[in-house]
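Can you look at this prediction? I've put the sequence above it.
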Amino acid sequence: MAVGSVATQGRTVQQSWTRTGIGSWVTTTDHKKIGVMYIYTAFFFFLFGGVEALLVRTQLAVPNNHFLTPEQYDQVFTMHATIMIFLFVMPIWTGFGNYLVPLMIGARDMAFPRLNALGYWLFLAGGIVLSASFLFNAAPNAGWFSYAPLTEATPGCLTQQIAAQGAQAAAANAATSAAQGLQGCFSPGQNPDFWIVGINLLGIASLTGAINFVVTILRMRAPGMTINRMPLFTWMMMVTSFLLIFALPSLTVASALLLFDRHLGTHFYQASAGGDPLLWQHLFWSFGHPEVYILILPAFGIISEVLPVFSGKPIFGYTFIAWSGVAIGFLSFTVWAHHMFAVGLPPIAQAFFASSTTLIAIPTAVKIFNWVATTYYGRIRFNVAMLFGLGFVAMFLIGGLNGAALAVVPFDYQVTDTYFVVAHIHYVLFGGSVMALFAGMYYWFPKFSGRMLNEGLGQAQFWLYLIGLNLAFFPMHILGLLGMPRRQFTYPSGLGWDTLNLISTIGAFTLAFGTLLFVINFFWTMTKPRTASDDPWDAFTLEWATTSPPPPENFKTVPVVRSRRPLYDKKHPEDPDWRHEH
Amino acid sequence: MPFHLNANHVKMGAIALGVTLCALALGAWGTPPNILQPHGYLAKTESNLFWIIFGIATFIFVVVMAAFIYSIIRFRARPGAPAPRQIHGLNWLEITWTIIPTGVLVAVLIVTLYTLLGAIQQPTGVPTMTVNAVGHQWWWEFQYPDQHFVTADELHVPVNMVVHVNLISHDVIHSFWIPDLAGKTDVIPGHDNTMWFKSDTPGYYRGECAEFCGTQHAHMDFEVVVQSQADYNAWVAGQQQTAAKPTSPLAIAGEKYFASAACVGCHVINGVNTGNLIGPNLTHFGSRQLIAGGVLDNTPQNLALWLKNPQAIKDGSDMPNLHLTQQQIDELVAYLESLK
């Protein structure tokens, strides 16, 4: 590789930074532009997945509804979860991390800018593959965890064979297959193939991003920024990245084996040929549970940035929050089978996973107490970012408590695979991740764009969200207790499920209305001039020490750090943090 | 702040729920399922655990939220207030609030493990009966291996009997669940899963498939009929008979048509035909409450609808539209409903 003089390299870099227009986005390796592209794309998928949620809730608003066919419903509920997890929450954290981590640690860019760009484009490709499945009427339809053997290719449904061969021949064939132990309606269509290919593209994208974050955070911090002085958002992105690196291979292996089963005639998950359907579940959930923390740890990071700034105090118990995040990271690899309490594991194995699940609740509780304590003796400003931050703590608390209930194994036998679990995951993902996302969005929007989002619209959005999410998700607890299984395209009346479902649907539309207000807020704000100051919130960390938005090189001179709150030190030379930190 | 509404919300919800449930007339399903109003030993044990964890969780929620809301109100920014003290943390407090939740969680864990490893294990040395529950897409077959008969959609058991259930899957993963009687156990191809339950009140209870198993997962229900030992014995004696011979001319024609048509490719009526079972055994079809995994109540009108085009009622079901004439449908309905 030819290496020019330093001056030539400098000019090349300068040109790539100052380029404008579409081309500048397509060719960019600037972490901020890539971050923005991640956020835009992920937000688009938030709206896409949200529309699917509304379709699901419309179908379930009343009993015996025929708004969607069963097949449509299966595609929509599967894609709602797949999109929200893999195409919205995961990439939007990558987007926030991309934009903010280099700024927060005083770096000029990510460690591997081109790998960073590759990651975005692979993410986009994965998103296109998954979405395109709808155009072929072959969207994944077996749930976001794609359990084998339902996702196996053969044999097809009897009705499909009848269509091909006629009733008499199909019945005779079916009798023969049944005698051989092969019968059932699996997934002969391409639906699972779209899922496998899309998920693996996204997996590679996440892996490139994760490696990049780890190297950036470990190698590119500004002088004086020791690990123990990093902003907590950076801490949580680092833990998340390690989780991705160690968890994703399991998903890759699981889906590769499924692909082999489907197209190469192997039988990894086919019991009739000596395979084991439970192999899929073990492989999937040993990715799937760390994944849950991949979705929530960056949210913990955002909350740990927002609460201190708007309380006018440092985070309470920095070390405890950071290391409880690390503890959660390690423990998250030991709890996967709590998704499988009903599969018939030996009682002693269930006892192990109940214990590890109980253990992981402890660091989570410690975090919540520290967030509450952060507000004590503060001077709390109720900006929209802070409202979402406070809302997060309350809603995530519910998500933690109903999650702990699921670790009580015999009770879990009753509520697993019911709407109780759906309630839990939405308190964690909507009450947790999405509330934190908007806390971060209102907080950093001035930094991203040079403009302040409208506070009035933001407040309206916050209250619609808080009310909407409790309307949408609280009744689901009761539905679970009343015996409503998840993933049913309809339900009969007379079981006490009607009113609760209707309330939930009203809640979902309330959330949609709140989201609409944000979209309006965004477009309205973007028409305005860039008037935001460098540090509109009187914040503490390095990203606020540069302009809004930051110049391509981030900082004119690399900052020197002496404490966890370098900008606070600069603004309070009379009593800087480094006098108090040890 | 609306946060503290949630605790009340639960109570209000529970009360409203109770009222609704009492107001409901008993339909074909009997009692609507409710984990918290159990009718069996296991479900009661599981429900007791719920109330313990619900109490603890509510207490934690109220305490944390009270502290949080107090702080939010007390320490809101007021004009002219001095800059807040810059507190970085307090180690003894951190240690305290690590130890306290650890203690609470360990207590819950001990109760969990005690129940898991002891109280809910199947008792030995008591009279037991065995049933095989076979999950098909999308209906349940029930085999009574000791009594030598099979049936579908309806599981009869005597009250106060320990029922040992072998769970067999014919195709994909299902999950066997009777909310009022016991938590669920997955039905997995290649795995010899078992579960047990004991009911304490005669009645009709809703059973469901709880694991997504394809297009008609929503219509894979069954009915559990808990009856006195005498009623149960009578039912068993009936089920062990071969099919009743039809008497009315229409039903006689129906039997003839059944035996000669595509029906016998999938269905068996003991005394009429034998063979591989793909669909439910219909020997005592007329005695059942439900059709096709609970998609319809078993009435002559519903059966006629079903025979006319099963795919219109249960899209994706293995039973094809056989394009029967109205005459054939009438004959089959008369015959099948006569099979008590």
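Structure's in. What do you need?

With adjacent residues omitted, what lies nearest to A:P63?
Sequence neighbours aside, A:S493 is the residue nearest to A:P63 in space, at 3.9 Å (criterion: Cβ to Cβ, 6 or more residues apart in numbering or on different chains). Where you see a C-beta, it was placed from the backbone N, CA and C, and this is true even at glycine.

can you check B:N321 too?
Looking at B:N321 with Cβ to Cβ, 6+ apart, the closest residue is B:N309, at 4.6 Å.

coming back round to it: roughly how far apart are the residue nearest to A:P63 and A:N65?
11 Å (Cβ to Cβ, to the nearest Å).

just A:F88 next, same as before
As defined by Cβ to Cβ, A:F88 lies at a distance of 26 Å from A:N65.

quick one, which of these two is more surrounded?
Per other Cβ atoms under 10 Å in any protein chain shown, whichever of A:F88 and A:N65 has more neighbours is A:F88, with 27 against 15.

From A:S332, how far out is the more buried one?
If you measure A:F88 against A:S332 using Cβ to Cβ, the figure is 20 Å.

One more: B:Q86?
Here the distance between B:Q86 and A:S332 works out to 33 Å (Cβ to Cβ).

more neighbours, those two?
For B:Q86 against A:S332, the residue with the higher neighbour count under other Cβ under 10 Å is A:S332, and the figures read 23 against 16.

if I look at the more buried one, how far off is A:L359?
Taken as Cβ to Cβ, the spacing of A:S332 relative to A:L359 amounts to 11 Å.

same thing with A:P314?
From A:P314 over to A:L359 (counting by Cβ to Cβ), the distance is 28 Å.

and these two? which has more neighbours close in?
When neighbours are counted by other Cβ under 10 Å, A:P314 and A:L359 differ, and A:P314 comes out ahead with 23 against 19.

helix/strand/coil for the more buried one?
Secondary structure, DSSP: H, G, I helix; E, B strand; the rest coil: A:P314 is coil.

Likewise for B:T194?
Of the three states, B:T194 takes strand under three-state DSSP.

residues contacting A:T375?
Shown in contact with A:T375 (Cβ atoms under 8 Å, 6 or more residues apart in numbering or on different chains): A:L307, A:S311, A:L390, B:F68, B:S71, B:I72, B:F75.

what do you get if the cut-off is 7 Å, keeping everything else the same?
A:L307, A:S311, B:S71, B:I72, B:F75 (Cβ atoms under 7 Å, 6 or more residues apart in numbering or on different chains).

where along chain B do the strands fall?
With DSSP state E, the ranges of strands along chain B come out as B:128-136, B:139-144, B:149-152, B:154-158, B:162-169, B:174-178, B:182-187, B:193-197, B:203-209, B:221-227, B:290-291, B:296-297.

A:I328 is in contact with A:I294, isn't it?
No - no contact is recorded between A:I328 and A:I294 when judged using Cβ atoms under 7 Å, the distance being 10.9 Å.

Please identify every residue contacting each of these two.
Common neighbours of A:I328 and A:I294 (Cβ under 7 Å, 6+ apart) do not exist.

re the thing from before, and for A:S493 and A:N65, which residues touch both?
With contacts defined as Cβ under 7 Å, 6+ apart, no residue is shared by A:S493 and A:N65.

Let's see the distance spanning stretch A:80-98 from one end to the other.
Start to finish, the residues bounding stretch A:80-98 are 25 Å apart (Cα to Cα, to the nearest Å).

how distant is that stretch from the center of its chain?
5 Å (Cα atoms, centre = their mean, to the nearest Å).

Likewise for stretch B:101-113?
With Cα atoms, centre = their mean as the basis, the distance from the averaged C-alpha position of stretch B:101-113 to the chain average is 29 Å.

what does that stretch contact?
Contacts to stretch B:101-113, defined as Cβ under 7 Å, 6+ apart, come from residues A:351, A:354-355, A:358, A:361-362, A:365, A:408-409, B:49, B:52-53, B:56.

Of the residues you listed, which is the nearest to A:F438?
Nearest to A:F438 out of the contacts of stretch B:101-113 is A:A365 (Cβ to Cβ; 24.1 Å).

How about the contacts made by that closest one?
For A:A365, counting by Cβ under 7 Å, 6+ apart, the contacting residues are B:P101.

Mind listing what's buried along the helix or strand encompassing it?
Of the helices and strands defined by DSSP states H and E, A:A365 is found in helix A:347-375. Taking 16 or more other Cβ atoms under 10 Å in any protein chain shown as the neighbour-count basis, helix A:347-375 is seen to contain the buried residues A:350-375.

and what of stretch B:112-123?
Buried residues in stretch B:112-123, counting neighbours by 16+ other Cβ under 10 Å, are found at B:T112, B:L113, B:T115, B:L116, B:I120.

List, one by one, the residues from the stretch 151-300 of chain B near chain A.
Remark: the part of the stretch 151-300 of chain B in contact with chain A comprises B:170-173, B:175, B:179, B:183-186, B:188-191, B:193, B:206, B:208, B:210-218, B:262, B:265-266, B:276, B:278, using Cβ under 7 Å from any Cβ of the partner chain.
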